[in-house]
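Undergrad: Here is the input, now give the coordinates:
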Amino acid sequence: MTFDFGDRLTPFRDKAIERGIPPEDVENWLMLARPCATLTQSGDGPVVGRFGGPLLLPADVPDPAEPFVATVDLAALPSGCTDLLLPRDGQLLLFAFPEDEGECVSMGSVVHVPVGTAVVERDRNAWNEWDIDDYEMMFKEFPQGPLRAVADVSLPNHHAFQVRGERTAGPIPGHPRSEDLVDVWQDTREAVNTEGSLQIGGYADEEAVYTDPLGNVVRRAVRAAEKGNWEGPVSDDVADWVLLADWYAGADVSGWESATVHWGIQRGDLAAGRFDRAFAQVFYNP
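TA: Below you'll find the predicted structure:
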C-alpha cells in the first residue's frame, strides 16, 4: 500500500504559488514529498508503541549506554506510512541522551527485537553509571505512555544540503527556489501535519533551519569512525543514509527545550537489519 497524500499538501501548493514561485518549480519540489509516521500521545490513531515503560531486551544484548526513549511495534504501524525498508514485525527500541556531547560520538542507539524473541526486564537507569543526579532528573522527565500513529507527509525542512561530506547552502540542483519552498513549508506544515513528539521516516526537522540534520548525522558518523568511536564502514554521502526517527525532546524535557534527536542509518545497514549501526546526533541550543 502506498500512502496517498491527497490534498494534504494543498495549503503548501497554494501558498507557494501565491508567493510567486512558478508552478513547475512547486510541482518539482512536491516530488520530494515522503511519507512518514507521526507518533503522538493523543488522537484516535492505532496504538503502535509507547514512550518509556519497562525496558525489555534479549539477555545477550548489552545494557544500552543511553536512556530509554520509546518502543515501536513495527507490525502495528499503518501499512505504507513510511518508505523505509523496516522489518514487518518486532519491536524497535530507541535510546538517546538529548544533549550535544561533541563531534565524535553517537548520542543514541537502536535495538530491534524480532517477534518471538525471549526478553528480560532491565534496569532503566543502568546507563547512568556515574549516578549523576541532574541526568537522573532529566530522565525522569522523559514522556511515558502509549503512542498512536498518524500517517503523515514530510518535505525538506532546511536550507542547506550536504553531498559527500560537504555542506552546500542554497538550491538543490534542479530546484532553483529551494529556500523559498522550505520557507513556505515552514509556514504551512501545521496545516497538513499532526504535531507529535516522535516521527518515523521522512525528513529530519529541528530549530536550526540553516543546517541539514541528516547531513550532520553523516558528518559526525564519519568523524566518529575516523576517531575509532564508531565501527565502519561509513559513507560520507548523505544520499546513502535515511532518517530512521526524530524525537523533539524539548517538548517534554524541562531544561532541554530545543533538543531534537535524529537517528540516521545507512541504507545498506537498514536493508540488512543492522540497527546496531544506527547513529544519533542531537541538536541542542541551551
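Undergrad: and the lengthiest strand in the chain, which strands flank it?
TA: The longest strand of the chain (DSSP state E) is strand 145-154. Note on strand 145-154: by DSSP bridges, its sheet partners are strand 34-40 (antiparallel), strand 47-51 (antiparallel).
Undergrad: Can you add distance to residue 283 and mean pLDDT and give the ones you listed back as JSON lines?
TA: Quick note: C-beta positions are derived from backbone N, CA and C, even for glycine. Formatted as JSON lines, these follow (distance: least, C-beta to C-beta, whole Å; pLDDT from 0 to 100):
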{"stretch": "strand 34-40", "distance to residue 283": "18", "mean pLDDT": "93"}
{"stretch": "strand 47-51", "distance to residue 283": "20", "mean pLDDT": "96"}
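Undergrad: Of those strands, flag the one that's most buried.
TA: Compared across these, strand 34-40 shows the largest average neighbour count, a mean of 23 (mean count of other C-beta atoms under 10 Å).
Undergrad: Return the distance of that strand from the chain's centre.
TA: 10 Å (C-alpha atoms, centre = their mean, to the nearest Å).
Undergrad: Going forward, the N-terminal residue is numbered 123.
TA: That works, and once the first residue is 123, the last one we named lands at strand 156-162.
Undergrad: May I have it exported as PDB, CA atoms only?
TA: C-alpha atoms of strand 156-162 as PDB (Å, rounded to 0.1, in the frame of the first residue of the first chain):
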ATOM      1  CA  ARG A 156       8.000  11.400   1.600                       C
ATOM      2  CA  PRO A 157       5.500   9.500   3.800                       C
ATOM      3  CA  CYS A 158       6.300   9.300   7.500                       C
ATOM      4  CA  ALA A 159       4.500   8.200  10.700                       C
ATOM      5  CA  THR A 160       3.900  10.800  13.400                       C
ATOM      6  CA  LEU A 161       3.600   9.200  16.800                       C
ATOM      7  CA  THR A 162       1.600  11.100  19.400                       C
END
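Undergrad: Which residue is the nearest non-sequential neighbour of residue 193?
TA: residue 171 (4.8 Å; C-beta to C-beta, 6 or more residues apart in numbering).
Undergrad: For that neighbour, list the residues it contacts.
TA: Residues near residue 171 by C-beta atoms under 8 Å, 6 or more residues apart in numbering: 161, 192-195, 198, 213-214, 268-269.
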